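Participant: Let's see this in three dimensions:
(one chain, ligands or ions: 2)
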Amino acid sequence: MTMNHERYRSDELLLVVGEAVGDRTHLHPSRLKQIDEHSDAYVERAQSELPYMAWFVRQFSRSSPVLRVSSFAVYRFPSSHSYSCSLSYTTMSKFNLNWGILATGGIAESFTRDLYPNPECRGVKDIQHTVVAAASSSSADRAKAFLKEVRAPESAKAYGSYKELVADPNVDIIYVATPHSHHYQNAMLCLEAGKNVLCEKAFTTNAKQTELLIKKAKEKNVFLMEAVWTRYFPLSIYVRDIIKSGKIGPVSRTFADLSMSMVPENTFDDSHRMVNPDLAGGALLDLGIYALTWVFQTLYTTQDKPQPPSVVSTMRKYKLGTDEQTSMLLTFPPTSARGEAHGIATTGMRTAADPDGKGSAGPAIRVQGEKGEIQVFHPAYRPTRTKLVLADGTVEEKEFPQPGPGKGSGWKNGFGGNFHEEGMGHGMFWEADECAYALKEGRKEGQYESLEESLVIMKVMDEVRRQNGMTYPEKIETTEYPVEL
Ligand SMILES: NC(=O)C1=CN([C@@H]2O[C@H](COP(=O)(O)OP(=O)(O)OC[C@H]3O[C@@H](n4cnc5c(N)ncnc54)[C@H](OP(=O)(O)O)[C@@H]3O)[C@@H](O)[C@H]2O)C=CC1
Ligand SMILES: O=C1OC[C@@H](O)[C@H](O)[C@H]1O
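Facilitator: Ligands and ions are numbered 1, 2, ... in the order given. Here you go, the predicted structure:
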């Protein structure tokens, strides 16, 4: 906390006071009172209006959040046509989270770029992110080039091994952005070193590995979260709130699809992480997890006492034995808020949820209740549009553009070389903010997807693979640690 004393004297102040008025007329200069008949100064003391004063101070000083205003006075000097303001207030210093980035691939770049804009551009005033280090498994030079590319501070350290990164005492939390096959070994390395961890989806190759990561995080008393970024979007919060409000009635079915027509043999060589069994490739773990995310966050997360679902599934395999298309039917037991519910989660690399890229094929996600439905449009991992359709005729469309520093900022982000328009965020900062808030508040897991829920989803994916005979090599499914991959 910081104690501030400020004194302003200018014509500008009048403007600010005028702007600050709105419905808060107590601040209007016309209500300034003369404090001393013999003096030329008029004053409004406003200790009794402290919340408004705090608001005013924020507008005027653009400081970090104001905890308390202890005194505030506006003086008017008619003879000199000037105003002055004196105030004392206490601000909360921003909570800073020091990030270490483990791996330098596509998503590591998108995520780290998203740490760059000031969180205030998305209305987040009390936390900030700093990139203090990155590590590449190949070389320190690669890590250095990466840090430059993502506009990390000059002081950020570049390491040529993950072991060096986890030993850096400056790093508060590590973002693990390697292929699925490596998550267990890499996240365990971080946890063993006592680091907090945000680990990319899918958490691990199987539920047993996830279970052991959770156990280790508890043992070390550190934070652990699966980086299912979509969960932390304002859009997802809105959809979950619609469900909880009862607006669409008790929900009994969710359809969710994340399919992207990539024609794998034309797009990926056999070593690519999307198809390669050695890197735990396939549609299910990479894309299907988003379809499952929508099924779960609408039928499971929203319930007071959710029960794990049962699942039946079918899978079409790619020539390398990984899945290129998977369809899952989940049955969720009744809860206090609704009866049995069904989730239909589909994923694939040869069909598209949004073939023309304009949404003409309709929503990718439909959450259906007795009174109507809430729809979410493709892509399931980064949706920006919803539509509420009720039986009473209500149709409400909403847009959720990802905020950022805006046009003219010279900053861009995106994924896989596809950049959004200048100044628009990718949206990975929401999960980063969640990590900061969790650590600030002493929480050890994310609030919109508990570790227990991540584990249930991993168990569903295990079962789907079991039903369809899809296995990965033992060296990446093992729970042994450490294993050199
Ligand atoms: N949230 C999202 O929107 C997205 C999430 N993801 C997830 O992020 C993870 C990584 O995906 P993505 O960034 O696309 O993958 P990339 O292949 O682009 O990057 C993976 C990085 O991991 C490191 N790595 C370490 N060992 C290996 C290895 N044996 N083979 C390949 N790479 C290795 C490399 O960095 P280095 O050697 O420099 O350390 C490499 O650049 C996956 O879990 C994926 O599901 C992916 C895309 C989008
Ligand atoms: O998480 C993801 O979202 C975007 C996809 O293109 C990518 O393959 C996947 O990993």
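Participant: would you list every one of the helices in the stretch 351-485 of the chain?
Facilitator: 429-441, 451-467, 474-477 (DSSP state H, counting those that start in this stretch).
Participant: Adding mean neighbour count, mean pLDDT and distance to residue 321, write the ones you listed out as TSV.
Facilitator: For every residue, glycine as well, the C-beta is placed using N, CA and C. Formatted as TSV, the helices of the stretch 351-485 of the chain follow (neighbours: other Cβ atoms under 10 Å; pLDDT from 0 to 100; distance: least, Cβ to Cβ, whole Å):
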stretch	mean neighbour count	mean pLDDT	distance to residue 321
helix 429-441	21	96	32
helix 451-467	20	98	11
helix 474-477	16	98	13
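Participant: Quick check: which of those is nearest to ligand 1?
Facilitator: helix 429-441 (8.5 Å; Cβ to the nearest ligand atom).
Participant: Does anything pack onto that closest one? Which helices or strands?
Facilitator: strand 95-102, helix 106-114, strand 127-135, strand 196-200, strand 224-227 (3 or more Cβ pairs under 8 Å, 6 or more residues apart in numbering; DSSP states H and E).
Participant: Comparing these, which comes out most buried?
Facilitator: For these, the largest average neighbour count (mean count of other Cβ atoms under 10 Å) is found in strand 224-227, namely a mean of 28.
Participant: how about the next helix or strand after that strand, does it reach ligand 1?
Facilitator: Counting by DSSP states H and E, the next helix or strand C-terminal to strand 224-227 is helix 234-245. No: against ligand 1, helix 234-245 shows no contacts by Cβ under 6 Å from any ligand atom, the least distance being 13.6 Å.
Participant: what comes up buried for helix 234-245?
Facilitator: 235, 236, 238, 239, 240, 242, 243 (16 or more other Cβ atoms under 10 Å).
Participant: And for stretch 242-255?
Facilitator: 242, 243, 247, 248, 249, 251, 252, 253, 254, 255.
Participant: Report how far apart the opening and closing residues of it are.
Facilitator: With Cα to Cα, to the nearest Å applied, stretch 242-255 spans 16 Å between its terminal residues.
Participant: So which bits of the stretch 201-350 of the chain are right by ligand 1?
Facilitator: So the stretch 201-350 of the chain meets ligand 1 at 201, 229, 273, 279, 286 (Cβ under 6 Å from any ligand atom).
Participant: Does the first one touch residue 225 like I think?
Facilitator: Pointing back at residue 201 there. No: counting by Cβ atoms under 8 Å, residue 225 is not a contact partner of residue 201; they are 10.5 Å apart.
Participant: Tell me where the stretch 151-300 of the chain has strands.
Facilitator: 157-159, 173-176, 196-200, 224-227, 251-259 (DSSP state E, counting those that start in this stretch).
Participant: As CSV, those strands with mean pLDDT would be great.
Facilitator: Output for those, formatted as CSV (pLDDT from 0 to 100):
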stretch, mean pLDDT
strand 157-159, 98
strand 173-176, 98
strand 196-200, 98
strand 224-227, 98
strand 251-259, 98
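Participant: CSV please, covering those strands and showing distance to residue 462.
Facilitator: What follows is those, written out as CSV (distance: least, Cβ to Cβ, whole Å):
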stretch, distance to residue 462
strand 157-159, 33
strand 173-176, 20
strand 196-200, 17
strand 224-227, 15
strand 251-259, 19
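Participant: now the strands for the stretch 301-450 of the chain?
Facilitator: 310-317, 323-332, 341-348, 365-369, 372-376, 385-390, 395-399, 414-415, 418-419.
Participant: could you redo those as JSON lines and give each row distance to residue 357, mean neighbour count and mean pLDDT?
Facilitator: JSON lines is the format used below for the strands of the stretch 301-450 of the chain (distance: least, Cβ to Cβ, whole Å; neighbours: other Cβ atoms under 10 Å; pLDDT from 0 to 100):
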{"stretch": "strand 310-317", "distance to residue 357": "24", "mean neighbour count": "16", "mean pLDDT": "98"}
{"stretch": "strand 323-332", "distance to residue 357": "20", "mean neighbour count": "22", "mean pLDDT": "98"}
{"stretch": "strand 341-348", "distance to residue 357": "17", "mean neighbour count": "24", "mean pLDDT": "98"}
{"stretch": "strand 365-369", "distance to residue 357": "17", "mean neighbour count": "24", "mean pLDDT": "98"}
{"stretch": "strand 372-376", "distance to residue 357": "16", "mean neighbour count": "23", "mean pLDDT": "98"}
{"stretch": "strand 385-390", "distance to residue 357": "13", "mean neighbour count": "18", "mean pLDDT": "98"}
{"stretch": "strand 395-399", "distance to residue 357": "17", "mean neighbour count": "11", "mean pLDDT": "98"}
{"stretch": "strand 414-415", "distance to residue 357": "15", "mean neighbour count": "16", "mean pLDDT": "97"}
{"stretch": "strand 418-419", "distance to residue 357": "11", "mean neighbour count": "10", "mean pLDDT": "94"}
